[in-house]
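Novice: Provided below are the primary sequence and the corresponding predicted coordinates.
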Amino acid sequence: MKINEIELLLVVRATNEATKEILVKQLKNQMAVKDLLVVMPEKESFELKLKRGFEIALEKMKPFSVFIDADILLKSNAIKKTKQTIVNLKEDSLGFGFRLWDFFYDQPKFRGFHVYRTSYLSKAIDFIPFGLKELRPESFVKKKMQAIGHQLENNLSFYVAGVHDYYQNANDIYYKYLIRAHRSNADLVNLKIHLEKRNHLPEINIALKAIDDAENIETIQNNKELYKNNSLPVLKCDKISNIDLLLISKLLRRYGLRRIFWQSI
């Protein structure tokens, strides 16, 4: 398979994120003539958006479908790197993900950038959990697919494709960390310690408030509309950073000039 012959379906999953339009513009600048771009409707539950996205992928039937959450901004070579990585994907693998520099964790993390072999989505769609009770519906689907022999190969690359959770709305941050407090108990203590060291930033304080508020909520549903908080401060962003330069500075600080730095860019 030659890189210039790979055709992608690029699917943006949005729920009114502040960075959606910038992400769409980035993708339009990077995609090839035969690639397709679809922006999903915003007012749907994540489970329904996941199902509709898989249905669109199976209808368009490009060999590979890339699902990108709208709280992500990409480096200028992200789609090119996606195609270069696809070449190394095993035939029976569901796909792979790329790391992104997470604003709150302040390090590379696997987040909402998912590359799927489209033909396997006809199986994956049957595993989507409904009812708003599963806090990680896409991870749930991936585990089910792995159980039948189609795993994600997240070890294919150390590449960091962009940034995650930068320049977001206050309510988006608040909801996200209500959810994270219920689904990520294992690292919650260390996360709070890390966040409290950066509590001069308004975004960090919103995340900390959400984590604290989550302690008084017995059950969280996977529906952003249920958890609007009108008392949160308005976050203003005067200028979006150059993502390539921002990431180089972050990665240099973390890795220095070691080999992993060059692999991550």
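Specialist: Looks like it arrived, so ask away. Residues are numbered from 1 along each chain as shown.
Novice: for the chain, what's the longest strand?
Specialist: Counting residues, the longest strand found in the chain (DSSP state E) is strand 107-117.
Novice: model confidence over the following helix or strand past it, on average?
Specialist: For strand 107-117, the succeeding helix or strand toward the C-terminus, using DSSP states H and E, is helix 121-124. Helix 121-124 carries an average pLDDT of 97.
Novice: Show me the shaky parts of the protein.
Specialist: In the prediction, the chain carries residues with pLDDT under 70 at positions 132-133.
Novice: cutoff 90 now
Specialist: Within the chain, the set of residues satisfying pLDDT under 90 comprises 1-5, 15-16, 41-48, 130-136, 179-191, 215-230, 233-234, 236-239.
Novice: Tell me which residue is most central in it.
Specialist: Compute the mean C-alpha point of the chain, and by Cα atoms, centre = their mean the closest residue is Gly112, 1.4 Å away.
Novice: Not counting sequence-adjacent ones, nearest residue to that residue?
Specialist: Nearest non-adjacent residue to Gly112, counting by Cβ to Cβ, 6 or more residues apart in numbering: Asp69, 3.0 Å away. No exception for glycine: its C-beta is placed from N, CA and C like everyone else's.
Novice: residues contacting that neighbour?
Specialist: Contact partners of Asp69, counting by Cβ atoms under 8 Å, 6 or more residues apart in numbering, are 12-14, 17, 111-113.
Novice: if I look at it, how far off is Asn77?
Specialist: Computed as Cβ to Cβ, to the nearest Å, the Asp69 to Asn77 distance reads 19 Å.
Novice: Equivalent analysis for Lys60, please.
Specialist: The spacing between Lys60 and Asn77, counted by Cβ to Cβ, is 24 Å.
Novice: Then Leu10?
Specialist: Counting by Cβ to Cβ, the gap between Leu10 and Asn77 amounts to 15 Å.
Novice: In terms of neighbours, single out the busier of those two.
Specialist: The residue with the greater number of neighbours, taking Leu10 and Asn77 and applying other Cβ atoms under 10 Å, is Leu10; the counts read 23 against 14.
Novice: related to what we said a few turns ago, most surrounded residue in the contacts of Asp69?
Specialist: Compared across the contacts of Asp69, Arg13 has the highest neighbour count, 26 neighbours, by other Cβ under 10 Å.
Novice: thinking that one is in contact with Val66, fair?
Specialist: No - with contacts counted by Cβ atoms under 8 Å, Arg13 stays clear of Val66, the gap being 10.9 Å.
Novice: Residues that sit against both of those two, list them.
Specialist: Common neighbours of Arg13 and Val66 (Cβ under 8 Å, 6+ apart) do not exist.
Novice: Confirm Glu21 sits in a strand?
Specialist: No - the assignment for Glu21, made by DSSP: H, G, I helix; E, B strand; the rest coil, is helix rather than a strand.
Novice: quick one: the strands in the stretch 51-200 of the chain?
Specialist: With DSSP state E, counting those that start in this stretch as the definition, the stretch 51-200 of the chain shows strands at residue ranges 64-69, 72-74, 95-102, 107-117, 160-164.
Novice: tell me the angle of the first one relative to strand 160-164?
Specialist: The directions of strand 64-69 and strand 160-164 differ by 30 degrees, with axes from the mean of the first three to the mean of the last three Cα atoms, to 10 degrees as the criterion.
Novice: Strand 64-69 pairs with which strands, and in what direction?
Specialist: Note on strand 64-69: by DSSP bridges, its sheet partners are strand 8-13 (parallel), strand 107-117 (antiparallel).
Novice: and the angle for the longest one with strand 95-102?
Specialist: Here strand 107-117 points in a direction 150 degrees away from that of strand 95-102 (the same axes, to 10 degrees).
Novice: List the buried residues of strand 107-117.
Specialist: Within strand 107-117, the residues scored as buried using 16 or more other Cβ atoms under 10 Å are 108, 110-117.
Novice: and if you look at stretch 179-186?
Specialist: Under 16+ other Cβ under 10 Å, the buried positions of stretch 179-186 are 179-182.
Novice: Of those, which belong to helices?
Specialist: In helices, judged by DSSP state H, the following of those are found: 179-182.
Novice: Please produce CSV containing those, extended by distance to Arg136.
Specialist: Supplementary listing: these in CSV, determined by distance: Cβ to Cβ, whole Å:
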residue, distance to Arg136
Ile179, 9
Arg180, 10
Ala181, 14
His182, 10
